[in-house]
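[1] I'd like to go over a predicted model; first the sequence, then the structure.
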Amino acid sequence: MSDFETNRRGSEEPIPGNLDSMLNDKQKATITELTNIGWELWFVRRPKFQPVIPVMLDKKNDSIAMVGEDGNVLEEFITQVRRA
């Protein structure tokens, strides 16, 4: 199996148990708003030495979006999910 195919997350959960302490108030508010209109928190990107980035999934429209540190939806990262 190639490095690309292995799970780079290791033993980390896609949504950490201490999520509330990882996000700022603006991110929490945006996640709440998106959840209220049918989106769900899919996973949290945790790049080293950078702020965490929540990734939201809209199953109805097969779309994903990232929530920036300022609470705004990062429009350049709104994309369609490919289905195999």
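    Cool, the structure landed.
[2] Okay, and residue 21 sits in which element?
    Counting by DSSP states H and E, the element that carries residue 21 is helix 19-22.
[3] and if you look at residue 75?
    strand 73-80.
[4] follow-up on the earlier one: run through who's touching the helix holding residue 21.
    Helix 19-22 is contacted from outside by 16, 28, 44, 46, 52, using CB atoms under 8 Å, 6 or more residues apart in numbering. From N, CA and C alone the C-beta is placed, and that goes for glycine too.
[5] Let's see that with 7 Å instead.
    Applying CB atoms under 7 Å, 6 or more residues apart in numbering, the contact partners of helix 19-22 are 16, 44, 52.
[6] pull the helix or strand with minimum mean pLDDT from this structure.
    Least confident helix or strand of the chain, by mean pLDDT, DSSP states H and E, is strand 73-80 with a mean of 72.
[7] Check the secondary structure at residue 34 for me.
    What DSSP: H, G, I helix; E, B strand; the rest coil gives for residue 34 is helix.
[8] let me redo that: residue 44
    strand.
[9] Show me what it is bridged to.
    Beta bridges link residue 44 to residue 54, judged by DSSP bridges.
[10] tell me the contacts of it?
    Residue 44 touches 15-16, 19, 52, 54-55, counting by CB under 7 Å, 6+ apart.
[11] top of those by neighbour count?
    Neighbour counts for those (other CB atoms under 10 Å) peak at residue 54, which has 22 neighbours.
[12] So for that residue, what's the pLDDT?
    Looking at residue 54, its pLDDT is 95.
[13] how much space between it and residue 21?
    In this view, residue 54 and residue 21 are 13 Å apart by CB to CB, to the nearest Å.
[14] How about residue 11?
    Counting by CB to CB, the gap from residue 11 to residue 21 is 19 Å.
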